[in-house]
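S.K.: Any chance you can model this:
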Amino acid sequence: MSDGEKILSCIRSDSEERIAALNAEADKVCAELTEQAQKKAEEIRHAAETKVQLQSEKLLKATKSRIELEKRSELLRARRAEIDKTVDGIEDYLCSLSDKEYFDFIYSLAAGLGNKSGTVLLSKKDLARLPKDFKARMQAAGLGISVSDKPCDEIRGGFILKNGDIEENMTFAAIIAEKREQLEDLISRELFKD
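M.R.: Next up, the predicted model:
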């Protein structure tokens, strides 16, 4: 081998060693960058999973709360409907009492008015079944009355005592409306006992 060939062989050998060293350095840098990228990707993935988990939990909690609220609202609507149905049924019940029970109730309402006088207005149905001693019983209850021959279409049950411009509305509908809140409380306690 000539001196030139030796020099070329030495240069080639140095170049190959340098290339191998650069390749090794590049492989090392590449491995480090790949490892850093994988760590960063893992951090991002973990953060995304945590965020999704938190959002899922929050959504689930909000959904459960909304469902509970809807259940409570539906329960309250059902209770309200039952109370309304029961209150509305009170007038029907009172109007369907036997004649004796019905007029005994009318006399007790009259007794609650104290010493008043006027004309008693009744429904067509009540005028048709009016007891013979009605006026005497109303007077015994404390009222000085006369009974109107004309039926009052506004009355389904009960009576109105009219003295000039002053009216004492003792119709079942008016009494129920006046006492509705108390009736609702009573009905609620009775219907929804624990």
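
S.K.: going forward, measure contacts and count neighbours with C-alpha atoms only.
M.R.: Will do.

S.K.: Model confidence score at the spatially most central residue of the chain, please.
M.R.: Per Cα atoms, centre = their mean, the C-alpha nearest to the average position across the chain is that of S73, at 2.1 Å. You'll see S73 listed with a pLDDT of 85.

S.K.: What distance do you get for it to L130?
M.R.: Distance, S73 to L130, by Cα to Cα, to the nearest Å: 47 Å.

S.K.: shaky segments in this structure?
M.R.: Applying pLDDT under 70 to the chain picks out residues 1, 191, 194.

S.K.: Scan it for its longest helix.
M.R.: Assignment by DSSP state H gives helix 3-95 as the longest helix of the chain.

S.K.: on contacts alone, who are the packing partners of the helix or strand just after that one?
M.R.: Following helix 3-95 in sequence order, the next helix or strand is helix 99-111 (DSSP states H and E). When contacts are defined as 3 or more Cα pairs under 8 Å, 6 or more residues apart in numbering; DSSP states H and E, helix 99-111 packs onto helix 134-140.

S.K.: The helix it packs on packs against which elements?
M.R.: Using 3+ Cα pairs under 8 Å, 6+ apart, helix 134-140 sits against helix 99-111, strand 143-147.

S.K.: Buried residues of the longest one, list them for me.
M.R.: Pointing back at helix 99-111 there. 102-103, 106-107, 109-111 (16 or more other Cα atoms under 10 Å).

S.K.: I'd like to check the angle between that helix and helix 3-95, please.
M.R.: If you take axes from the mean of the first three to the mean of the last three Cα atoms, to 10 degrees, helix 99-111 sits at 100 degrees to helix 3-95.

S.K.: got a list of contacts for helix 99-111?
M.R.: Residues from elsewhere that reach helix 99-111, judged by Cα atoms under 8 Å, 6 or more residues apart in numbering: 94-96, 129, 137-138, 141-143, 158-159, 170.

S.K.: Mind giving me the PyMOL command for buried ones among these?
M.R.: Buried residues among the contacts of helix 99-111 (16+ other Cα under 10 Å), as a PyMOL selection:
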select buried, resi 95+137+138+141+142+143+158+159+170
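
S.K.: who touches stretch 136-149?
M.R.: 107-108, 110-111, 113-122, 127, 135.

S.K.: switch to 6 Å and redo it
M.R.: 107, 110-111, 114-121 (Cα atoms under 6 Å, 6 or more residues apart in numbering).
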